[in-house]
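> okay, predicted coordinates and the sequence, questions at the end:
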Amino acid sequence: MLRKASAACGFASYNPAIVDRARSCFDALGSRRGAEAMHTGAAEFER
């Protein structure tokens with residue numbers, strides 16, 4: 001997802017703390033809800 005956003009927006013780096021926070025949130029939600037949240041976020045990005 002980050003590669004796709006990088007290509008679309010042209011950014012060259014990201015904040016690892018944000019990625020770590022997202023990872024811990026995904027773990028807390030569980031794989032099914034975490035995957036749904038990621039897809040929802042990706043869809044929002046696409047808009």
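Structure's in. What do you need?
> can we go C-alpha only for contacts and neighbour counts from here?
Will do.
> return the distance of the longest helix along the chain from the chain's centre.
Looking across the chain with DSSP state H, the single longest helix is helix 31-46. For helix 31-46, the separation from the chain centroid amounts to 8 Å (computed by Cα atoms, centre = their mean, to the nearest Å).
> pull out the buried residues from that helix.
residue 34 (16 or more other Cα atoms under 10 Å).
> now that helix: average pLDDT?
Mean per-residue pLDDT for helix 31-46: 83.
> that one packs against which elements?
The elements that helix 31-46 packs onto, with contact taken as 3 or more Cα pairs under 8 Å, 6 or more residues apart in numbering; DSSP states H and E, are helix 16-29.
> in the helix it packs on, which residues are buried?
residue 26.
> list the contacts of it.
33, 34, 35 (Cα atoms under 8 Å, 6 or more residues apart in numbering).
> if I pick the last one, what's in contact with it?
What that stands for is residue 35. Residue 35 is in contact with residue 26, counting by Cα under 8 Å, 6+ apart.
> how close does it get to residue 47?
19 Å (Cα to Cα, to the nearest Å).
> same question, the second one
In this structure, residue 34 and residue 47 are 20 Å apart, going by Cα to Cα.
> for the first one, same thing?
Applying Cα to Cα, one obtains 21 Å for the distance of residue 33 from residue 47.
> ok, residue 24 next?
Applying Cα to Cα to residue 24 and residue 47 gives a distance of 26 Å.
> please apply the same query to residue 32.
Where residue 47 is concerned, residue 32 sits at a distance of 23 Å (Cα to Cα).
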